[in-house]
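Q: Let's see this in three dimensions:
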Amino acid sequence: MSRTTRREVLGAGAFTAMFGIAAAAIAKPDVQVSAAVPLQPDGELIALCSRFDDLERKMEATYYLGPYSEAKELAAEAQQASLHAEQDELLEQITPIRATTLAGFQARARTLVFWNKEIERKGENGDWSNRMVWALVRDLNGGQA
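A: Numbers count the residues shown, from 1 in each chain. Next up, the predicted model:
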């Protein structure tokens with residue numbers, strides 16, 4: 001039985017998200033900033049992306065279990081499901097936040113590349129959409145995708 005991986009499910013959304021980031025970068029703000037804004041613009045977004053990345057590191061650690069055993073595999077799958085649920089909750093918080101600073105855009109781009117490591121491999125040689133997303137991510141990450 002074939003299972004769809006989380007990377008396959010969310011992969012298409014990553015491209016859409018990056019184009020949304022680019023559009024937001026040039027769009028005018030819709031609302032006035034209130035006095036309750038945190039001291040660092042995009043501080044919440046940056047913190048959420050950092051937490052997402054920490055969970056991704058934990059997820060990656062579950063892939064290297066040493067010699068195979070069914071018990072290890074089942075334990076890893078349970079841990080992966082838990083981590084994925086936490087990441088999903090974070091993603092629900094991350095995606096509606098509009099980045100307003102370069103640091104916010106960079107945090108989102110780093111998270112995308114860290115989560116989807118294939119973006120660089122597919123980017124330069126992919127279709128137009130992949131190439132544009134890769135170029136945008138590369139530029140936001142200081143020349144590194």
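
Q: who does the longest helix belonging to the chain touch, helix- and strand-wise?
A: Longest helix of the chain, by residue count under DSSP state H: helix 70-94. For helix 70-94, the packing partners by 3 or more CB pairs under 8 Å, 6 or more residues apart in numbering; DSSP states H and E come out as helix 43-61. C-beta here means a position set from N, CA and C on the backbone, and glycine is covered the same way.

Q: Could you list the buried residues of the longest helix of the chain?
A: By neighbour count on 16 or more other CB atoms under 10 Å, the buried set for helix 70-94 is 76, 83, 86-87, 90-91, 94.

Q: Can you tell me which of these is nearest residue 102?
A: residue 94 (17.1 Å; CB to CB).

Q: so who does the closest residue to that closest one other than its chain neighbours touch?
A: Using CB to CB, 6 or more residues apart in numbering and skipping residues adjacent in sequence, the residue nearest residue 94 is residue 48, 4.9 Å away. Contacts were defined as CB atoms under 8 Å, 6 or more residues apart in numbering; by that measure residue 48 touches 90, 93-94, 97.

Q: Between all of those residues, which two are separated the most?
A: Across those, the two members that end up farthest from each other (CB to CB) are 90 and 97, 11.0 Å apart.

Q: quick check: mean pLDDT across the helix or strand residue 135 falls within?
A: Here residue 135, judged by DSSP states H and E, is contained in helix 128-140. Summarised as a single mean, pLDDT over helix 128-140 is 82.

Q: mind listing what's buried in that helix?
A: 130, 132-134, 136-138, 140.

Q: can I get the residues you listed in JSON lines with distance to residue 58?
A: Shown next, in JSON lines, are those (distance: CB to CB, whole Å):
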{"residue": "130", "distance to residue 58": "28"}
{"residue": "132", "distance to residue 58": "31"}
{"residue": "133", "distance to residue 58": "26"}
{"residue": "134", "distance to residue 58": "26"}
{"residue": "136", "distance to residue 58": "28"}
{"residue": "137", "distance to residue 58": "23"}
{"residue": "138", "distance to residue 58": "26"}
{"residue": "140", "distance to residue 58": "25"}
